[in-house]
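> Return a 3D structure for these sequence lines:
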Amino acid sequence: MSSPHSGAGAAAQAPPPSNASAQAGSPTPGQSTANGATATIRPKRKVGRRGATAASASSAPSANAAAPARNTPAMMRRLSAYGLLAGVLTGAASFGAITIGENAARSTAASLNSASAATHAAQQVEATRVAVSQAYLAGADAAGTEARSDIAAATVALAGISTAGASNDFSQAIVAAQSSFAGYAAAAPAALAAGTGNAAAGASLREADAAVAGAMSAVAAQAQVAGSNTSAVWSAAALPILVGGASTVVLLGTAWWLAQRTRRVINPPLLLGTLLVLGTTAGGVAGAAVPTNALAGASTSGYLSPASTALATGAQSRAAELSALLPGADVAAAQAQAQAANTQMNELTAVNDFSQAGRSAWLSYVDAQQRSLAAAGTNRTTAIEVATGTGASSYTAFTTALPSEFQATTAPGPNEGTPWSWLALLGGIAGGSLAWVGLDRRLKDYR
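Numbering: from 1, shown residues only. Okay, here's the model as predicted:
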């Protein structure tokens, strides 16, 4: 029989439970639970600073990737405004360029028309001077009748020169020529009626002839300047080139950025808006240059053609020769006038399309002219015989070799029926609006 002390001793020998087990009531490692299963409990690990840094780093890419997504709508709104502004600015630049080009074309057309009328009048006036002086020196009544008819034709031609659109110098030269020729038209018939023997009438004719020669020289110089003023206004074309080029680059860059962000390569409204802005730019450049360039042909046709100018210049040279033979003439001054006209004629006859017959006839006349002018200071009678004989026939051969009929130059102005400038402005606004619509639609889809 066991002793009571044995049970107590066994109980005393058993190890006491740990405080953690006692307090938590949980099994210790390797201890069996109530249902007989063995629980494996792993100790917890402490997370240090390195672990926290790695965890935050792993979450950074997702935050960075979300940043562009948050900024895309705001960028779309800004680009919508930029697209609209680009179209409006391009339209305004093209509007201004076309307006400047059309105004320049109107001014140039008016100048060319005035130059054409002035060249025609110069032909008539110089031919009249030749006819009157030659009739006075030759004393031919039939020639005098023809000269009076030429005076009337020249008066009409001078009165028909329009000063609309002409420069101030050109207008003043035309008015001075009309005034001086009015005095000539009064002196010439009196000299022809008095005849060669009337020195006083001849002196009055010489004075009136000298006044007309000076006035028509100024008209011819201004007509030459006006007839060559057909250059395009390229400075105006630079405006749509700069603005439209920059706007096109902005819209193309916007399309590329939008394709990268939204993965949609084609945006029809934005593409059409870009094409409209590009077309408006091209229209602005063309509108600034084309209207004036279209007038280039008018500056070398009709009365502004080389043949017409040669006819007027030849008549001026012939009139200067005959003026040296009038009573009391300044031979040296007449020789200088003839030489200046001959120098211009040499330039005109050097043109490739000038006829060979015209060149030969002109050289023959110049030879006779030189002999007449050489004798004018010493032997006026001999000089008159050469001028009204060989000189007259040589000059007639020259005028016959050139066309005698010319058409008045009618320079076309811009097409007033088509408002190209307003169409360009509307095209730019439409292009910018389409760009705005395309971006706004993509913004709604993005949301």
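> Which helix runs longest in the chain?
helix 49-138 (DSSP state H).
> roughly how far out does the helix or strand just after that helix sit from the chain middle?
The C-terminal neighbour of helix 49-138 among helices and strands, as given by DSSP states H and E, is helix 141-159. How far helix 141-159 lies from its chain's middle: 43 Å, per C-alpha atoms, centre = their mean, to the nearest Å.
> For the nearest residue to residue 388 once chain neighbours are set aside, the count of nearby residues, please.
Residue nearest to residue 388 in three dimensions, not counting chain neighbours: residue 138, with 4.8 Å by C-beta to C-beta, 6 or more residues apart in numbering. Quick note: C-beta positions are derived from backbone N, CA and C, even for glycine. Residue 138 is flanked by 18 other residues according to other C-beta atoms under 10 Å.
> So residue 138 is in contact with residue 389, correct?
No - using C-beta atoms under 8 Å, residue 138 is not in contact with residue 389; the gap is 9.4 Å.
> Tell me the gap between stretch 85-103 and the middle of its chain.
13 Å.
> So for it, mean pLDDT?
Mean pLDDT, stretch 85-103: 90.
> Name the residues of it that come out as buried.
86-103 (16 or more other C-beta atoms under 10 Å).
> With stretch 186-197 instead?
So for stretch 186-197, counting by 16+ other C-beta under 10 Å, buried means 187-188, 191-192, 194, 196.
> got these as JSON lines, with pLDDT and secondary structure columns?
As requested, the buried residues of stretch 186-197 are exported to JSON lines (pLDDT from 0 to 100; DSSP: H, G, I helix; E, B strand; the rest coil):
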{"residue": "187", "pLDDT": "90", "secondary structure": "helix"}
{"residue": "188", "pLDDT": "90", "secondary structure": "helix"}
{"residue": "191", "pLDDT": "88", "secondary structure": "helix"}
{"residue": "192", "pLDDT": "86", "secondary structure": "helix"}
{"residue": "194", "pLDDT": "84", "secondary structure": "helix"}
{"residue": "196", "pLDDT": "78", "secondary structure": "coil"}
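> Show me which of these is closest to residue 362.
residue 188 (26.5 Å; C-beta to C-beta).
> Can you show me the CA trace of stretch 126-134 as PDB?
The C-alpha trace of stretch 126-134 is given here as PDB (Å, rounded to 0.1, in the frame of the first residue of the first chain):
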ATOM      1  CA  GLU A 126       6.500 112.600-129.800                       C
ATOM      2  CA  ALA A 127       5.000 111.700-133.200                       C
ATOM      3  CA  THR A 128       3.200 115.000-133.200                       C
ATOM      4  CA  ARG A 129       6.500 116.800-132.400                       C
ATOM      5  CA  VAL A 130       8.100 115.100-135.300                       C
ATOM      6  CA  ALA A 131       5.300 115.800-137.700                       C
ATOM      7  CA  VAL A 132       5.000 119.500-136.700                       C
ATOM      8  CA  SER A 133       8.700 120.200-136.800                       C
ATOM      9  CA  GLN A 134       9.200 118.300-140.000                       C
END
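> Centre of the chain to that stretch, how far?
Put simply, stretch 126-134 sits 43 Å off its chain's centre (C-alpha atoms, centre = their mean).
> Mean confidence (pLDDT) on it, please.
According to the model, stretch 126-134 has a mean pLDDT of 89.
> same question, stretch 391-411
For stretch 391-411, the per-residue pLDDT averages 77.
> what does stretch 149-162 give?
88.
> likewise stretch 114-123?
86.
> returning to that earlier point: now the longest helix of the chain against helix 141-159, angle please.
Orientation check (axes from the mean of the first three to the mean of the last three C-alpha atoms, to 10 degrees): helix 49-138 against helix 141-159 gives 160 degrees.
> Now do helix 49-138: distance to the chain's middle.
Using C-alpha atoms, centre = their mean, the offset of helix 49-138 from its chain centre is 10 Å.
> before we move on, what about stretch 419-426?
17 Å.
> just to revisit the earlier point, packing partners for the longest helix of the chain?
helix 141-159, helix 168-194, helix 199-227, helix 234-262, helix 268-293, helix 306-323, helix 380-388, helix 420-446 (3 or more C-beta pairs under 8 Å, 6 or more residues apart in numbering; DSSP states H and E).
> ok, now how distant is residue 326 from residue 84?
From residue 326 across to residue 84, the span is 76 Å (C-beta to C-beta, to the nearest Å).
> quick one, which of these two is more surrounded?
Using other C-beta under 10 Å as the criterion, residue 326 and residue 84 rank with residue 326 on top: 25 against 21.
> Assumed the more buried one was part of a strand.
No - counting by DSSP: H, G, I helix; E, B strand; the rest coil, one finds residue 326 to be coil, located in no strand.
> Spit out the contact partners of it.
By C-beta atoms under 8 Å, 6 or more residues apart in numbering, residue 326 lies in contact with 133, 136-137, 202-203, 205-206, 209.
> Distance check, it against residue 359.
For residue 326 relative to residue 359 (C-beta to C-beta), the value is 30 Å.
> Equivalent analysis for residue 135, please.
In terms of C-beta to C-beta, residue 135 sits 28 Å off from residue 359.
> Those two: which has the busier surroundings?
residue 135 (24 against 17).
> For residue 203, give me the pLDDT.
Confidence score, pLDDT, at residue 203: 88.
> hang on, it packs against residue 328?
Yes - the pair residue 203 and residue 328 passes the contact test of C-beta under 8 Å, sitting 4.9 Å apart.
> ok, these two, which is more surrounded?
More neighbours surround residue 203 than the other of residue 203 and residue 328, with 16 against 10 (other C-beta under 10 Å).
> Any regions of the stretch 151-300 of the chain where pLDDT drops low?
Within the stretch 151-300 of the chain, the segments meeting pLDDT under 70 span 165, 227-234, 264, 291-300.
> try 50
Of all residues in the stretch 151-300 of the chain, none has pLDDT under 50.
> Check the stretch 301-447 of the chain too.
In the stretch 301-447 of the chain there are no weaker segments when pLDDT under 50 is taken as the threshold.
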